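Undergrad: Predicted model follows, preceded by the sequence.
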Amino acid sequence: MSLYPKWLLALAGANLLSVLLSVFYLFGGVQPLGTSENGLIRFFLFLTTQLLWLAPIVCFFGALRAHDYRHPLLAASIALFGLLILALSIWLLI
């Protein structure tokens, strides 16, 4: 991890907190986006709900990859976007 600056690791590393939220979304039976009678809509609501905890993890690795390609501003914006999704998923749980 010495390849990355500490500010990027701190900014992107906070996105990994969504792993702790995965328990609530996978096994907690939470439906923050609601439910539907239609099976297809219910499936898409389930996928969207799972993206609430999976997207910040993808943003963590995306930020590190963007820094590997010498784009520090893009890496910081991807990490901030992941933090925004993380904040949204925490807010929807409460």
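TA: Looks like it arrived, so ask away. Numbering: from 1, shown residues only.

Undergrad: Next up, the contacts around the residue lying farthest from the centre of the chain.
TA: In terms of distance from the mean C-alpha position of the chain, Glu37 ranks first, at 27.5 Å (C-alpha atoms, centre = their mean). Taking C-beta atoms under 8 Å, 6 or more residues apart in numbering as the definition of contact, Glu37 has no neighbours. All C-beta atoms are positioned from the backbone trio N, CA, C, and that covers glycine.

Undergrad: does it count as helix, strand or coil?
TA: In three-state terms, and counting by DSSP: H, G, I helix; E, B strand; the rest coil, Glu37 is coil.

Undergrad: which phi and psi does it have?
TA: When read as degrees, to the nearest 10, the backbone of Glu37 gives phi -80, psi -30.

Undergrad: All the helices of this structure, in order from the start?
TA: Ranges of helices in the chain, per DSSP state H, are 6-13, 18-27, 39-68, 72-93.

Undergrad: can you list contacts of the helix or strand bottoming out on mean pLDDT in the chain?
TA: In the chain, no helix or strand scores lower on mean pLDDT, DSSP states H and E than helix 18-27, which sits at a mean of 91. Here helix 18-27 makes contact (C-beta under 8 Å, 6+ apart) with 30, 49-50, 52-57, 85-86, 89-90, 93.
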